[in-house]
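# Build me a model from this:
(chains A and B)
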Amino acid sequence: GESVGLHLPTLSVQEGDNSIINCAYSNSASDYFIWYKQESGKGPQFIIDIRSNMDKRQGQRVTVLLNKTVKHLSLQIAATQPGDSAVYFCAETGQAGTALIFGKGTTLSVSS
Amino acid sequence: NAGVTQTPKFRILKIGQSMTLQCTQDMNHNYMYWYRQDPGMGLKLIYYSVGAGITDKGEVPNGYNVSRSTTEDFPLRLELAAPSQTSVYFCASLRVLQNTGELFFGEGSRLTVL
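Residues are numbered from 1 along each chain as shown, chains lettered A, B, ... in the order given. Have a look, this model is predicted:
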C-alpha cells in the first residue's frame, strides 16, 4: 500500500510497501530541488534531485515528482526496505547560487 | 578526491570563547554552505557563498561569521560562543549541472558550549 499526505512529520510503512513523502515549498522562483536522507547520527545523504524544467525524475527505486502549480514536491520509494528508515528532507534553491533551504523532515519508519 | 572535509569533528567550548570550524572541498565547487542541526531538528542555513570573495547570510546568521578567500575553503567563525550555539554543524558544497546537481556534505562538527 501507499501512504500519501501533505507534509507529515512521521510515516510508518510495512516492508515492501511503496512510500510517498511530501514536501511543500514557498518560493515560486525556486529552480532546483533535492531530496536527502539522514540516518541517526550521520550526515545527510543525497538521494535525488530535480530541476524546475522537469516534472518527474526517476532513480533506483526512487522517483521525485514536482508540481510547480501548487509548489509541491514528493519522493516516492518503491518496495520500501528497513534500510530506508531515516529522516527525509527536501531542499530548494532559486537560480543556482542562491541559498539552499531545507524543509522540515519526515521520519520514515519501516517495519518488517 | 577527498570531497568536503570538516575539522574538528568534536569540540567543547566555554561561554565567550571563540573558534573557527574549518571546511575544505577539493572539487572546485563554487557554491558552499554552512548549516547547523539541533537535536531532532532539520538543517538551518547559517551562511553561504556562491564563489570566492562572496558570502551571504542564511536563515540563522547571528553569532557567526564566514569568509571565502579561496574556492576551496569556507571557514565558519564563532566569536563569542553561547550555549545556544551547541549543535552539529555541516558544511556542504554544491555542483550544479544543466539538468542535475549534487550537494556534498562534510561529516559534521559537533560543538558543545558550556
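# Write out the residues of chain A neighbouring chain B.
With Cβ under 8 Å from any Cβ of the partner chain as the criterion, chain A meets chain B at residues A:32, A:34, A:36, A:43-46, A:49, A:51, A:53-54, A:89, A:91, A:96-105. (Glycine included, C-beta is placed from N, CA and C.)
# What subset of the residues you listed is buried?
A:32, A:34, A:36, A:43-44, A:46, A:49, A:51, A:89, A:91, A:96-103, A:105 (16 or more other Cβ atoms under 10 Å in any protein chain shown).
# Can you list which of the residues you listed are found in strands?
A:32, A:34, A:36, A:46, A:49, A:51, A:89, A:91, A:100-102 (DSSP state E).
# Throw these into CSV and include pLDDT, thanks.
Formatted as CSV, those follow (pLDDT from 0 to 100):
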residue, pLDDT
A:Y32, 85
A:I34, 89
A:Y36, 91
A:F46, 87
A:D49, 89
A:R51, 88
A:F89, 90
A:A91, 87
A:L100, 77
A:I101, 81
A:F102, 82
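# Looking at these, which is nearest chain B?
In terms of Cβ to the nearest Cβ, no member of those lies closer to chain B than A:F102, at 4.2 Å.
# Now do the contacts for that closest one.
A:36, A:89-91, B:35, B:42-45 (Cβ atoms under 8 Å, 6 or more residues apart in numbering or on different chains).
# The same query, at a cut-off of 6 Å, please.
A:89, A:91, B:42-43 (Cβ atoms under 6 Å, 6 or more residues apart in numbering or on different chains).
# Same check on B:A82?
Counting by Cβ under 6 Å, 6+ apart, B:A82 has no contacts.
# Can you find the helix or strand in chain B with the smallest mean pLDDT?
strand B:101-105 (a mean of 80; mean pLDDT, DSSP states H and E).
# Residues contacting that strand, please?
Outside strand B:101-105, the residues touching it (Cβ under 6 Å, 6+ apart) are A:34, A:43-44, A:46, A:49, B:3-4, B:90, B:92-95.
# roughly how far apart are the residue minimising distance to the centre of chain B and A:H72?
Chain B has B:W34 as the residue nearest its centroid, 2.8 Å off, counting by Cα atoms, centre = their mean. As judged by Cβ to Cβ, to the nearest Å, B:W34 and A:H72 stand 28 Å apart.
# again, but for B:Y35
Using Cβ to Cβ, B:Y35 is found at 24 Å from A:H72.
# same check, this time on B:Y48
According to Cβ to Cβ, B:Y48 stands 25 Å off from A:H72.
# so which strand or helix has residue 65?
Just going to use chain A. strand A:62-67 (DSSP states H and E).
# Oops, wrong one, chain B.
strand B:64-66.
# Give me the buried stretch members for that strand, please.
B:64, B:66.
# Each with direction, which strands does that strand pair with?
strand B:76-78 (antiparallel) (DSSP bridges).
# Get me the contact residues on chain B for chain A.
Chain B comes close to chain A at residues B:33, B:42-43, B:45, B:48, B:50, B:58, B:90, B:96, B:99-103, B:105, B:107-108, as judged by Cβ under 6 Å from any Cβ of the partner chain.
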